[in-house]
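Novice: Okay, predicted coordinates and the sequence, questions at the end:
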Amino acid sequence: MAILVTGGAGFIGSHTVVELIQAGKEVVIVDNFSNSKPEVLNRIEKITGIRPILYQADLLDKPAIDKIFEEQNIEAVIHFAGFKAVGESVQKPLEYYHNNITGTLMLCQSMREHGCKKIVFSSSATVYGMNNPVPFKEGMPTSATNPYGYTKVMIEQILSDLYVADKEWSVILLRYFNPIGAHESGLIGEDPNGIPNNLLPYIAQVAIGKLPCLSVFGDDYDTVDGTGVRDYIHVVDLALGHLKAIDYSLSHTGVEAINLGTGNGTSVLQILHAFEKACGHSINYKIAPRRAGDIASCYADASKAKEMLDWEATRTIEDMCRTGWNFISKNPNGLE
């Protein structure tokens, strides 16, 4: 029996595929390479000694997805695939709603038709919106501040409704905080197409000289140093959380929302200075105005993951910056 990983060539997907293979699972990847590169497959094979089966297809192409379920014995699905840039989602709401929500509907239809009713969904801390107090707990009301966030809120609702209609479903909604870092080998890491939207790859590209300067959006928040505080989690810890979630889903039915974070907040400037330590030189930055929709602090109550999945994050901010620097310095032009 195999695990189907949608978006399995992406940043979090590729690290999760590595951990699944190393745990002895058979893995099938579906990816359209819209924000990932085929070279990732070579790197996964180098790390694990096994090349996962790949289908280059889009979730919006239902016949292509049906073909995977017809050809492979899929036991459960980890669903990463989706557009994920907050700013872009505001510019292109229709594209985001269509891709993320319709793609998920097509996937779930295929799953249902082929009797596969176990799904681990890549959700996000963005579903906690602007008005919940930190730390964020799974029982808090969900909302969003942008179309990307709303796709996560809506997909959580769709998957929850699936279980209401059919009690054979096992649905785990993993709400990630801020994944950073890279695999220890330096073979895979965060390699976005174009200018990065996320803090760490942006810092890394300034550190290596590809970008001139980091803009820090706001230094007047009510935080330790005035800059935004987030719960940064090492991508390998996050990947291991998926392994635990899959194992849980195979023996349970129902719907569970589970935070994957460290439970600690780190400011933008603290991350910047930790990365300076990792790369051994100072990194150019400037303070810019706050961004609309940004909150001062966002970090997890991670106790449910510990109780239910026996999972907790163990890697430090230093580990995250060290492995992130290792990846960018070995792959200055990304995965070529």
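Specialist: Received the coordinates, thanks. On a predicted model such as this, the values are computed, not experimentally measured, just so you know.
Novice: Let's verify Leu250: helix, strand, or coil?
Specialist: Taken by DSSP: H, G, I helix; E, B strand; the rest coil, the conformation at Leu250 corresponds to helix.
Novice: correct me, but it touches Lys118?
Specialist: Yes: if you go by Cβ atoms under 8 Å, Leu250 and Lys118 touch, sitting 6.6 Å apart. The way it works is simple: take the backbone N, C-alpha and C, and place the C-beta from them, glycine included.
Novice: quick one: which of the two has more around it?
Specialist: Lys118 (23 against 13; other Cβ atoms under 10 Å).
Novice: what pLDDT does the more buried one get?
Specialist: Here the pLDDT value assigned to Lys118 is 98.
Novice: List the contacts of it.
Specialist: 75-77, 169-170, 246, 249-250 (Cβ atoms under 8 Å, 6 or more residues apart in numbering).
Novice: That one: what's its closest spatial neighbour, skipping adjacent residues?
Specialist: For Lys118, ignoring the flanking residues on the chain, the nearest one in space by Cβ to Cβ, 6 or more residues apart in numbering is Ala76 at 3.7 Å.
Novice: Remind me which helix or strand that neighbour belongs to.
Specialist: Under the criterion of DSSP states H and E, Ala76 resides in strand 74-79.
Novice: which helices and strands does that strand pack with?
Specialist: strand 2-6, helix 103-113, strand 118-124, helix 235-251 (3 or more Cβ pairs under 8 Å, 6 or more residues apart in numbering; DSSP states H and E).
Novice: one more time with 6 Å, if that's ok
Specialist: In terms of contacts (3 or more Cβ pairs under 6 Å, 6 or more residues apart in numbering; DSSP states H and E), strand 74-79 is packed against strand 2-6, strand 118-124, helix 235-251.
Novice: Quick one: name whatever helix or strand follows that strand.
Specialist: Going down the chain from strand 74-79, the next helix or strand is helix 86-91, by DSSP H and E.
Novice: buried residues in that following helix?
Specialist: Applying a neighbour-count criterion of 16 or more other Cβ atoms under 10 Å, one finds 86, 88-89 buried in helix 86-91.
Novice: repeat for stretch 275-295
Specialist: Using 16+ other Cβ under 10 Å as the test for burial, stretch 275-295 gives 275-276, 278-279, 283, 285, 295.
Novice: Can you pick out the ones from those residues that are in helices?
Specialist: 275-276, 278-279 (DSSP state H).
Novice: Same list (those residues) but as a markdown table, adding distance to Gly8 and pLDDT.
Specialist: As requested, those are arranged in a markdown table below (distance: Cβ to Cβ, whole Å; pLDDT from 0 to 100):
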| residue | distance to Gly8 | pLDDT |
| --- | --- | --- |
| Phe275 | 27 | 98 |
| Glu276 | 33 | 98 |
| Ala278 | 28 | 98 |
| Cys279 | 29 | 98 |
